[in-house]
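1. show me how the following folds:
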Amino acid sequence: MLDTLIIGGGAAGLSCALVLGSGLKKPFAEGKQVAIITHQKASHLQTAKFNNVLGLKPGTTGASILSEGKKQLADLYPEVQQIENEKVTAVTKTGETYTVTTNKSNYTSKIVVIAVGYTNLITIKGLEPYIKSHPRAAISKDRIWLENTDHLIENGLYVAGTLAGWRSQFSIAAGSGAHVATDILTLWNNGRHTKVHDKI
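-> Numbers count the residues shown, from 1 in each chain. Next comes the predicted model:
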């Protein structure tokens, strides 16, 4: 049984995992089990190059961020389990938990974060009731979002990044993932607003 399972290894998913990982040493998060399915093949970062992101060297490629992001997560927060080479096919709610089915396995989690891209090619069964036309993308692009309120689709089911209805900008997607992570940390901390900062 996982406490949180993140689906998607792009900007939003990895940012969510990093913030949750940094919070696992807090007393209220002791013993929490977090995992991320790091499927990245459909990430728009694969072909991106960044010149306009604060803190990134101009010319940084999205492909390098995807690769380095997984390494950063493994180096800093090895307790966050990275599940590679699996693609999610279904998300099913059973009582108060969710079953996430991949092409290779099944996982049970109290909280699931959907952080995959916003193309209409999404093939995860169980999410169909929430799929709507994206509110911040050109109609001609035929993009989708999962209808939510402040990233929450329903109790225990979150969405982050472009699929949450945000525009396709790296910093927005990363911030969305961090937002969801701090909401989960707040939930674990009995509703006390929580954020995690590293300090000198």
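
2. can we go C-alpha only for contacts and neighbour counts from here?
-> Will do.

3. low pLDDT regions in the chain?
-> Applying pLDDT under 70 to the chain flags residues 40, 42.

4. touching stretch 165-180 from outside, list them.
-> Contact with stretch 165-180 is made by 11-16, 19, 53, 115, 134-137, 144-147, 151, 158-162, as judged by Cα atoms under 8 Å, 6 or more residues apart in numbering.

5. let's see 6 Å
-> Contacts with stretch 165-180, where a contact means Cα atoms under 6 Å, 6 or more residues apart in numbering, come from 11-13, 15-16, 134, 136, 145, 160-162.

6. kindly provide the distance from Val34 to Val159.
-> For Val34, the distance to Val159 equals 16 Å [Cα to Cα, to the nearest Å].

7. which one's more surrounded, those two?
-> Higher neighbour count among Val34 and Val159: Val159, with 30 against 22, using other Cα atoms under 10 Å.

8. returning to that earlier point: filter the contacts of stretch 165-180 down to the ones in helices?
-> In this view, those that belong to helices under DSSP state H are 11-13, 15-16.

9. number of residues surrounding Val100?
-> Neighbour count for Val100, taken as other Cα under 10 Å: 22.

10. with neighbour count as added columns, please give the ones in helices among the contacts of stretch 165-180 in CSV.
-> As requested, the ones in helices among the contacts of stretch 165-180 are exported to CSV (neighbours: other Cα atoms under 10 Å):
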residue, neighbour count
Ala11, 32
Ala12, 33
Gly13, 32
Ser15, 25
Cys16, 29
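
11. all helices of this structure, in order?
-> Under DSSP H, the chain gives helices at 11-23, 62-76, 170-188.
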